[in-house]
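[1] Need coordinates for the following:
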Amino acid sequence: MSKIEKVPTAQFNPFYGCAILVIMVLTFGGIVTWMIYSGIEQDRQIATFTTENAPPLPALGVSDGEKVALKNKLTLFAESVSKGDAAQLSLSVDDANALLILAADAGIGEDKESLSYREMLRFTGFDNKSQFVSGSLRMPINKLPWAGGDKRYLVGSASFKPDVENGNFSLKIETITVPGKIVSEGFVNNMKTMDWLSLAKQKDNKIAEALKKVSTCRIAEDGSALILDCAKTAPPSAKP
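    Next comes the predicted model:
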C-alpha cells in the first residue's frame, strides 16, 4: 500500500509568521500602554483633590475608663449572642470613636504601610434620614513610584453606609467631600468597595464572632446612635 503524503495546496509565505508576531506585539503593547496611561491619569486626578501636607486630626480624647466601658458593652453583647438570645448594641458617636482605638489596639485596619483608623478618621454624627454615618478624613494616598515624594493626603469628610454582608458588619464609603475641590467619581466608586472598621474579620475573639451574627444595622430615629441587632437563634443542641 502506497504511503500517503501531504502536499501543500498554497504557496508558503514566511511573512505570515512575522505578521502574526507583529499583531501580538501591538496588542500586548497597546494593553500595557493603556494601563500606564490609566495609572498616570488616575494619579493626575487624585492630585487635584489631595494635599502634600496635612496636620493630624484632633486627638480622640478617649479616657481609659471610656475604653473599659465600651469593652464591657461589647462583651455583654457578645455573651448574649453566644447564648442565642436576641441582642442589641447601641453605639454613640463617642463610642464609635472609642472603637477606632480598640480597632487599632487589635491591629485591625493597620499594617506596616498604612495608618490606623484612629489616624485617618473621626466620626462626627449619625443621620437617620439617609441612614449614613458621617466622619472627617485624613487619608494618605501613595504616589506613583516615579512621581517623587512619599504620600499625599485627602482631607475632607465622608459619609459611610453601615453594611451587613456575608456575616460581616462594616462601614462602606458612600460620598467623599473635599472643600473647594471636586473628587472624581471613579475614585469614589473605587473607595466604595473597601470595608472600614471591619472588626468581624478579627479571629479568635468573642466580640468578632458576635459581630459576624449581626442581622441588621440602623441609625436611631433621633440620630443619637448606631444600632446593631442580632436576632434570637436556636440554642445549640445538647450532646448526648
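[2] From here on, just use CA atoms for contacts and neighbour counts.
    OK.
[3] Which stretches in the protein count as strands?
    Applying DSSP state E to the chain gives strands spanning 87-91, 121-127, 132-142, 151-165, 168-177, 216-219, 226-230.
[4] Can you give me the pLDDT of the spatially closest residue to residue 184 that is not a sequence neighbour?
    Once flanking residues are discounted, residue 184 sits nearest to residue 45: 7.0 Å by CA to CA, 6 or more residues apart in numbering. With respect to pLDDT, residue 45 scores 78.
[5] how near is residue 45 to residue 91?
    36 Å (CA to CA, to the nearest Å).
[6] neighbour count winner among the two?
    A count of neighbours by other CA atoms under 10 Å puts residue 91 above the other of residue 45 and residue 91, at 21 against 16.
[7] Show me the beta-bridge partners of the more buried one.
    Residue 91 has these beta-bridge partners by DSSP bridges: residue 226.
[8] So for it, what's the pLDDT?
    We have a pLDDT of 93 for residue 91.
[9] The one 4 residues further on too?
    In this prediction, residue 95 carries a pLDDT score of 92.
[10] Burial check on it, number of neighbours?
    20.
[11] Could you pull up the contacting residues of it?
    By CA atoms under 8 Å, 6 or more residues apart in numbering, residue 95 lies in contact with residue 70.
[12] Need the strands of the chain in CSV (columns: distance to residue 81).
    Conversion of the strands of the chain to CSV gives the following (distance: least, CA to CA, whole Å):
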stretch, distance to residue 81
strand 87-91, 6
strand 121-127, 25
strand 132-142, 24
strand 151-165, 16
strand 168-177, 15
strand 216-219, 14
strand 226-230, 7
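[13] from what I can see residue 51 touches residue 151, true?
    No. Here residue 51 lies out of contact with residue 151, judged by CA atoms under 8 Å, at a distance of 9.1 Å.
[14] Low-confidence regions, this structure specifically.
    For the chain, applying pLDDT under 70 flags the ranges 1-42, 106-115, 145-149, 166-167, 199-207, 234-240.
[15] Does residue 80 touch residue 88 like I think?
    No. Using CA under 8 Å, residue 80 is not in contact with residue 88, being 9.1 Å away.
[16] Pick out whichever of the two has more residues nearby.
    Set residue 80 next to residue 88 and count neighbours by other CA under 10 Å: residue 88 wins out with 19 against 16.
[17] For residue 133, grab the count of nearby residues.
    Counted with other CA under 10 Å, the neighbours of residue 133 add up to 27.
[18] and it, what does it touch?
    Taking CA under 8 Å, 6+ apart as the criterion, residue 133 is in contact with 123-127, 159-162.
[19] just these now: which is nearest residue 138?
    residue 123 (12.0 Å; CA to CA).
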